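Novice: give me the fold of what follows.
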Amino acid sequence: MDRIKLTLFFILFTCGFSYSQVNRYMVFFNDKAGTPHAISAPETFLSERAIQRRSNQSIGVIEQDLPVTPSYVEEVRTAGATILYKTKWMNGVLVECAESLLSTVETLPGVSAVEFVAPGGRPSPGARIKSAGKFKDVAEGAAATDVQLAMLGMDEMHTAGYRGEGILIAILDAGFPGADTVSFFKHIFDEGRFDAATSYDFVSGGSNVFRHHNHGINVWSTIGAYKPNEFVGGAYKANFILFVTEHAPTEYRVEEYNWLFAAERADSAGVDVINTSLGYRTFDDSNMNYSVDDMDGETTVITRAANIAASKGIALVASAGNEGSAMPTTIGGPADSENLLAVGAVTSAGVITSFSSIGPSSDGRIKPDVAALGSLVSVIKPDGTMGSSNGTSFAGPLTASLVAGVWQLLPGLSAQELLETIRASASQSSNPDNFLGYGIPDFRYVITSTDSEISAGFVSVFPNPVLNHVSIEFMDKIQFDQVVITLIDSRGVVSNVEASRATNGELQLDLSGQKPGLYLLRLQRGHQLSVRKILKIE
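Specialist: The predicted structure follows:
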């Protein structure tokens, strides 16, 4: 009898445990009725920087930007669910709760839908460090990053004085262990360019992002790490916010929503650029999987979130994926979005790697958008040593660095105009394909292709970039004193330069006394005007 009782107890306990199993769910609300915030007072829920970014690009604050209704959240909490995070863009909350509570939550008056997004509760915040794969050590000597920078013209971008100053970059990844202690990131912390108050771990909760998987520190290093003559990130003078959104040991849809929460937080803080070396298509629960048809730029949760972020004036860069060239397409979300740059991977010879995912999107658009070095990319490891690794995960942040530098150069561009400028600068922009997209972008092309000219073609200026002397060749015979020459630096300051007539009739300007950087060379003859951008290098 005792054995029967024990068996019966075990069965009842097991059934009860199964029914009360705590999982994670997204709970969505019907509307935002009763929110204490108003579109007319965005300063109560957006930073000054976020409001200014919208204003600069003529983007209005809309109902989508309003925080969720507090009373709806409180109803869900009162029902017995634990609130983890809120989303204003998709109007809902991520909760932990027992399955037995679902029927109660689903019938709440403010609730429109409930979605299962992951089994179990939020992972505990263990300080584990996991390897992202095998690394090859990098020998000391010349800067390990020379190849990856030069491929995109970022060596000359740095020489011209564009290293990401004033640009706020958010990186959404799987963890950044060691980044707060290794010497290659010390300049960022010493100069106050890491936003600790906004950075957040959406996987385990809390502000400590310097744990979990080392993928994030590898990614961040290609943008922000710096040690002269050893390692130079593409935008090492930028400001940074870090978010942990990817739970490396598992793959569930909750990670897409973690990305959403992070993107919203980044937007509210006024971020300019988001880099994400993450992609989603298949999951541990096959019921969550996306099909090829879903790669249409508007279906996956993370792609929808990316589209919203882009609509707020943020420039987004995403890795295309490492699924290779299986047909018809191997890109995942959010790389399928038309509102971001999806980046494929090439070797140092500019040839597509075997692992780089290919397009098109399911609705026929060119994907990836551009490509950058993704083979033997130099990175920093959690122990502070240099190594090299492979993946579009690293081609993406290199391109994000270029985006930051170009936006610093051309701050008047909108986010979408900026991305179009990057595409237009790429090596096969006139003949794109679904392997490298528009090709390998180049800062040098941006410099030489954004001239403003009136009465076009009456002058030729070369070389550009220039070291010390620039030559001006006129297309017709004119007198020397008929041309008014003005040199203007990036701050709008007019500089005095010496001009002389060469024996071949060209006019030469001596720029040896000028600092490296971008200048406008203004030449006027009567009503004819030509304005050329000149890049002075060392």
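
Novice: tell me the buried residues in stretch 355-373?
Specialist: Across stretch 355-373, burial judged by 16 or more other C-beta atoms under 10 Å covers 355-362, 365-373. For glycine as for every other residue, the C-beta is placed from the backbone atoms N, C-alpha and C.

Novice: inside strands: which ones of those?
Specialist: Of the buried residues of stretch 355-373, the ones assigned to strands by DSSP state E are Val370, Ala371, Ala372, Leu373.

Novice: what's the closest non-adjacent residue to the residue positioned nearest the centre of the chain?
Specialist: Nearest residue to the geometric centre of the chain (C-alpha atoms, centre = their mean): Asn275, 2.0 Å. Excluding its sequence neighbours, the residue lying closest to Asn275 (C-beta to C-beta, 6 or more residues apart in numbering) is Ala400, at 3.9 Å.

Novice: the one you found reaches Ile169, doesn't it?
Specialist: Yes: under the criterion of C-beta atoms under 8 Å, Ala400 makes contact with Ile169 at 6.7 Å.

Novice: so these two - more neighbours on which side?
Specialist: Neighbour comparison, Ala400 and Ile169: the larger count goes to Ala400, with 34 against 28 (by other C-beta atoms under 10 Å).

Novice: point me to the helix or strand that includes the more buried one.
Specialist: Take DSSP states H and E as the rule and Ala400 turns out to sit in helix 392-409.

Novice: do Val68 as well
Specialist: Assessed by DSSP H and E, Val68 sits outside every helix and strand.

Novice: check contacts around it.
Specialist: Phe29, Lys32, Thr35, Lys86, Thr87, Lys88, Asn91, Gly92, Val93 (C-beta atoms under 8 Å, 6 or more residues apart in numbering).

Novice: helices of the stretch 351-500 of the chain, start to end?
Specialist: 392-409, 415-424, 443-449 (DSSP state H, counting those that start in this stretch).

Novice: which intervals of this protein have sub-threshold pLDDT?
Specialist: Along the chain, segments meeting pLDDT under 70 span 1-19, 126-142, 449-459, 475-482, 490-493, 502-505, 525-529.

Novice: outline the domain layout of it.
Specialist: What automatic domain parsing lists as the domains of the chain is 18-52+61-119, 131-448, 451-536.

Novice: hey, which of these is tucked in deepest?
Specialist: Mean neighbours per residue, mean count of other C-beta atoms under 10 Å, is largest over the domains of the chain for domain 131-448, with a mean of 22.

Novice: off-centre distance for that domain?
Specialist: 5 Å (C-alpha atoms, centre = their mean, to the nearest Å).

Novice: ok, back up a step: quick one: which of the domains of the chain is nearest Pro125?
Specialist: Closest to Pro125 of the domains of the chain, according to C-beta to C-beta: domain 131-448, at 3.6 Å.

Novice: which residues touch Ser183?
Specialist: Residues in contact with Ser183 (C-beta under 8 Å, 6+ apart) are Lys227, Gly384.

Novice: stretch 102-112: end-to-end distance?
Specialist: End-to-end distance of stretch 102-112: 13 Å, with C-alpha to C-alpha, to the nearest Å as the criterion.

Novice: and the contacts of it?
Specialist: Under the contact criterion C-beta under 8 Å, 6+ apart, stretch 102-112 has outside partners 25, 27-31, 69, 71-72, 75-76, 79-81, 95, 97, 114.

Novice: same question for stretch 196-209.
Specialist: For stretch 196-209, contacts defined as C-beta under 8 Å, 6+ apart pick out 84-85, 122-126, 175-176, 211-212, 216, 241-247, 255, 258, 261-262, 265-266, 269.

Novice: again, 6 Å this time
Specialist: Identification of contacts with stretch 196-209 by C-beta atoms under 6 Å, 6 or more residues apart in numbering yields 123, 125, 176, 241-245, 247, 258, 261-262, 269.

Novice: tell me which of those residues fall in helices.
Specialist: Assignment to helices by DSSP state H places the following of the contacts of stretch 196-209 there: Asn258, Phe261, Ala262, Ala269.

Novice: how close does the last one get to Asp433?
Specialist: Just to be clear, that refers to Ala269. From Ala269 across to Asp433, the span is 37 Å (C-beta to C-beta, to the nearest Å).

Novice: at which residues are the helices of the stretch 151-300 of the chain located?
Specialist: Under DSSP H, counting those that start in this stretch, the stretch 151-300 of the chain gives helices at 154-159, 186-190, 215-224, 254-269.

Novice: relative orientation of the helix or strand harbouring Arg53 and helix 254-269 in degrees?
Specialist: Following DSSP H and E, one finds Arg53 within helix 48-56. Interaxial angle of helix 48-56 relative to helix 254-269 (axes from the mean of the first three to the mean of the last three C-alpha atoms, to 10 degrees): 80 degrees.

Novice: and helix 48-56 with helix 415-424, angle?
Specialist: If you take the same axes, to 10 degrees, helix 48-56 sits at 70 degrees to helix 415-424.

Novice: tell me which other helices or strands helix 48-56 touches.
Specialist: On a contact count with 3 or more C-beta pairs under 6 Å, 6 or more residues apart in numbering; DSSP states H and E, helix 48-56 meets no helix or strand.

Novice: C-alpha coordinates for that helix, PDB please?
Specialist: Coordinates of each C-alpha in helix 48-56 appear next as PDB, following Å, rounded to 0.1, in the frame of the first residue of the first chain:
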ATOM      1  CA  GLU A  48      18.000  64.600 -26.000                       C
ATOM      2  CA  ARG A  49      20.400  62.800 -28.300                       C
ATOM      3  CA  ALA A  50      17.600  60.500 -29.600                       C
ATOM      4  CA  ILE A  51      15.300  63.400 -30.200                       C
ATOM      5  CA  GLN A  52      18.000  65.300 -32.000                       C
ATOM      6  CA  ARG A  53      18.800  62.400 -34.300                       C
ATOM      7  CA  ARG A  54      15.100  62.200 -35.300                       C
ATOM      8  CA  SER A  55      15.000  66.000 -35.800                       C
ATOM      9  CA  ASN A  56      18.200  66.000 -38.000                       C
END
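
Novice: from the chain's centroid, how far away is it?
Specialist: 18 Å.

Novice: after it, next one along is what?
Specialist: The first helix or strand that comes after helix 48-56 along the chain, using DSSP H and E, is helix 70-78.

Novice: which residues of the stretch 201-350 of the chain fall in strands?
Specialist: 212-213, 226-227, 231-232, 239-244, 273-276, 315-319, 341-346 (DSSP state E, counting those that start in this stretch).

Novice: quick one, which of these is nearest to Gly164?
Specialist: Within these, the stretch nearest Gly164 is strand 239-244; the backing value is 8.1 Å (C-beta to C-beta).

Novice: output the contacting helices and strands for the closest one.
Specialist: Applying 3+ C-beta pairs under 6 Å, 6+ apart, one finds that strand 239-244 makes contact with strand 168-173.

Novice: need the contact partners of the strand it packs on.
Specialist: 215-216, 219-220, 238-243, 245, 259, 262, 266, 271-276.

Novice: in JSON lines, list the contacts of stretch 196-209 along with distance to Thr486.
Specialist: Compiled in JSON lines, those are given as follows (distance: C-beta to C-beta, whole Å):
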{"residue": "Pro123", "distance to Thr486": "61"}
{"residue": "Pro125", "distance to Thr486": "59"}
{"residue": "Phe176", "distance to Thr486": "47"}
{"residue": "Ile241", "distance to Thr486": "40"}
{"residue": "Leu242", "distance to Thr486": "44"}
{"residue": "Phe243", "distance to Thr486": "46"}
{"residue": "Val244", "distance to Thr486": "50"}
{"residue": "Thr245", "distance to Thr486": "49"}
{"residue": "His247", "distance to Thr486": "57"}
{"residue": "Asn258", "distance to Thr486": "52"}
{"residue": "Phe261", "distance to Thr486": "50"}
{"residue": "Ala262", "distance to Thr486": "46"}
{"residue": "Ala269", "distance to Thr486": "39"}
